[in-house]
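Novice: next come a sequence and a model predicted from it.
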Protein chains: 2
Amino acid sequence: MPSTTSAASPRLSGPERRAAILAAAIELALSEGLASLTLRRVGERAGVASGLVAHYVDGMDALVAEVFTRISREERAEVASIDGVAALVRSLTDGSRDAVTLVWVQAWAQAPANAALAAAVRAEMDAWQRTLEERLREAGADDPAPVARVLLGMVDGVNAHALAGWRDRAEHAPLLLRSLEAMLGREAGSLG
Amino acid sequence: MPSTTSAASPRLSGPERRAAILAAAIELALSEGLASLTLRRVGERAGVASGLVAHYVDGMDALVAEVFTRISREERAEVASIDGVAALVRSLTDGSRDAVTLVWVQAWAQAPANAALAAAVRAEMDAWQRTLEERLREAGADDPAPVARVLLGMVDGVNAHALAGWRDRAEHAPLLLRSLEAMLGREAGSLG
DNA sequence: CGCCCAGTTGATCAAGTGATCAAGTCGGCG
DNA sequence: CGCCGACTTGATCACTTGATCAACTGGGCG
């Protein structure tokens, strides 16, 4: 199981090294959370001295913000190929993306202390909002903006709760879909 | 505006001092978040040496867990007098409890690193679940458990998003209520 | 071949953390 | 009044963090 990590570092060009460090930070954040990003831990993961991480990054706050953005953007890309709001909602609540949920929760928690991260969080929320609005419009919604906003909150909240190790999540998707139908003024089962 | 803080400490009995320290920690958590709880900051707020805080507390993890529990329990008590699910949902999403929302979000984020806090979070979620189930049963729900679970997630998620400084929250309550009606199989406006 | 500089190291700093404890202080009981 | 023990202090330890920087290295260009 080879990985981007821990290959005894041959000397890389500046941009290559920077990319490798960022990749290591992303892996680390996904496996242990945003809070585990320290100069030393990232350096260790990248097979590199802590000083080199500092050299290629404009402060840890900026690194954290960039890692968050990359992870969220990647998640949106993965989900882009899913057809239909219903399938999308089901995929977002099936637990397959718990690592990303933890990153989101930690980003909210850290945002008050990290302005760059706060800005990144708002930007990614806007992007998700646009994605969801578009899907809802495809599904025939007249005024998708507020519905998208609340749907986004619902999905994140339900996922955060599930992350706390809280019982069954199987019932989540059907109830969320029923809610979505109601917010759109549709009949029960029409998104099915 | 007198407060429990910073009165030049006269010597208190053990239990009194412990209560004063806990009260200071709760104030601090509500104004600056759970993450701001350190021995020194709590001591400063309570007008007491850091060593005394350590003396009356079984480790910071335990303090954080206890502060979280007290804040959540207090919120449930405040909300206990509100009649009807609809009014309850409106109250929980009107932004008047943002400080508590931040505490919840930070509790989720810290739970993986603090077992006592994780247990406290689960216990408080269970308590909220019971509260909501009861309200839903009063409102005539047949099977309130899954609906309560999802409703709780929705409320927390929508609040967390609003916390990130994200636009209008005025539309949240009506849409959540419409969702709730749908999950309960009611007509639109029947909870109104 | 040998220089040169981009890439890299790791020791070091200041700041902040939780925890510990010898020492001091004060109030109430004898 | 005087003392004893509970309450309280604050210095101190070991550790972690982000950041800095003098020194080292090695690949490629002249």
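Specialist: Structure received.
Novice: buried sites along the helix or strand containing A:E133?
Specialist: Element membership for A:E133 (DSSP states H and E) is helix A:115-138. Of the residues in helix A:115-138, A:116-118, A:120-121, A:124-125, A:128-129, A:131-133, A:135-136 count as buried by neighbour count, 16 or more other CB atoms under 10 Å in any protein chain shown. In short, each C-beta sits where N, CA and C put it, glycine included.
Novice: so what touches it?
Specialist: A:61-62, A:64-66, A:68-69, A:72-73, A:76, A:79-80, A:84-85, A:88, A:107-108, A:110-112, A:144-145, A:147-149, A:151-152, A:184, B:161, B:164-166 (CB atoms under 8 Å, 6 or more residues apart in numbering or on different chains).
Novice: can you tell if that helix touches DNA strand D?
Specialist: No: Helix A:115-138 does not reach DNA strand D (CB under 7 Å from any atom of the strand); its nearest approach is 10.9 Å.
Novice: now A:R70, nearest residue through space, not along the chain?
Specialist: Nearest residue to A:R70, sequence neighbours excluded (CB to CB, 6 or more residues apart in numbering or on different chains): A:I26, at 5.7 Å.
Novice: where does chain A have low pLDDT?
Specialist: With pLDDT under 70 as the threshold, chain A has low-confidence stretches at A:1-9, A:166-167.
Novice: could you list the domains of it?
Specialist: What automatic domain parsing lists as the domains of chain A is A:1-57, A:72-183.
Novice: for the closest residue to DNA strand C within chain A, give its distance to A:R40.
Specialist: DNA strand C sits closest to A:G51 of chain A, with a gap of 1.9 Å, by CB to the nearest atom of the strand. Distance of A:G51 to A:R40, given as CB to CB, to the nearest Å: 10 Å.
Novice: likewise for A:I26?
Specialist: Distance, A:I26 to A:R40, using CB to CB: 17 Å.
Novice: how about the residue most central in space within chain A, phi and psi?
Specialist: Most central in chain A under CA atoms, centre = their mean is A:S72, positioned 3.4 Å from the mean C-alpha point. Dihedral pair for A:S72: phi -70, psi -40, per degrees, to the nearest 10.
Novice: same check, this time on A:L37
Specialist: phi -80, psi 100.
Novice: check which element follows the helix or strand where A:R90 lies along the chain.
Specialist: Taking DSSP H and E as the criterion, A:R90 maps to helix A:85-92. Next along the chain after helix A:85-92, taking DSSP H and E as the criterion, comes helix A:98-110.
Novice: and the contacts of that next one?
Specialist: Here helix A:98-110 makes contact (CB under 8 Å, 6+ apart) with A:29-31, A:33-35, A:64, A:68, A:71-72, A:75, A:117, A:120-121, A:156, A:159-160, A:162-163, B:33, B:35, B:102, B:105-106, B:108-110, B:112, B:160, B:163-164.
Novice: among the residues you listed, which are within reach of DNA strand C?
Specialist: Within those, nothing lies near DNA strand C by CB under 7 Å from any atom of the strand.
Novice: in contact with the residue of chain A found nearest chain B, which residues?
Specialist: Going by CB to the nearest CB, chain B is nearest to A:G157 of chain A, at 2.1 Å. When contacts are counted by CB under 8 Å, 6+ apart, A:G157 touches B:L152, B:G153, B:M154, B:V155, B:D156, B:G157, B:V158, B:N159, B:A160.
Novice: mind doing that once more with 6 Å?
Specialist: By CB atoms under 6 Å, 6 or more residues apart in numbering or on different chains, the contact set of A:G157 is B:G153, B:M154, B:D156, B:G157.
Novice: among those residues, which lie within helices?
Specialist: B:G153, B:M154, B:D156, B:G157 (DSSP state H).
Novice: just flag the most distant two among the residues you listed.
Specialist: B:M154 and B:D156 (7.4 Å; CB to CB).
Novice: between the two, tell me which one has more neighbours.
Specialist: Taking neighbours as other CB atoms under 10 Å in any protein chain shown, B:M154 and B:D156 compare with B:M154 leading, 31 against 24.
Novice: tell me if I'm right that the more buried one and A:V155 touch.
Specialist: No: judged on CB atoms under 6 Å, B:M154 makes no contact with A:V155 at a distance of 9.2 Å.
Novice: buried residues, the helix or strand containing A:R178. List them.
Specialist: Secondary structure assigned from DSSP H and E places A:R178 in helix A:172-183. Residues of helix A:172-183 classed as buried: A:H172, A:A173, A:P174, A:L175, A:L176, A:L177, A:R178, A:S179, A:L180, A:E181, A:A182, A:M183 (neighbour count, 16+ other CB under 10 Å).
Novice: just how off-centre is it within its chain?
Specialist: For helix A:172-183, the separation from the chain centroid amounts to 22 Å (computed by CA atoms, centre = their mean, to the nearest Å).
Novice: check stretch A:83-101 too.
Specialist: Centroid separation for stretch A:83-101 versus its chain: 11 Å, with CA atoms, centre = their mean.
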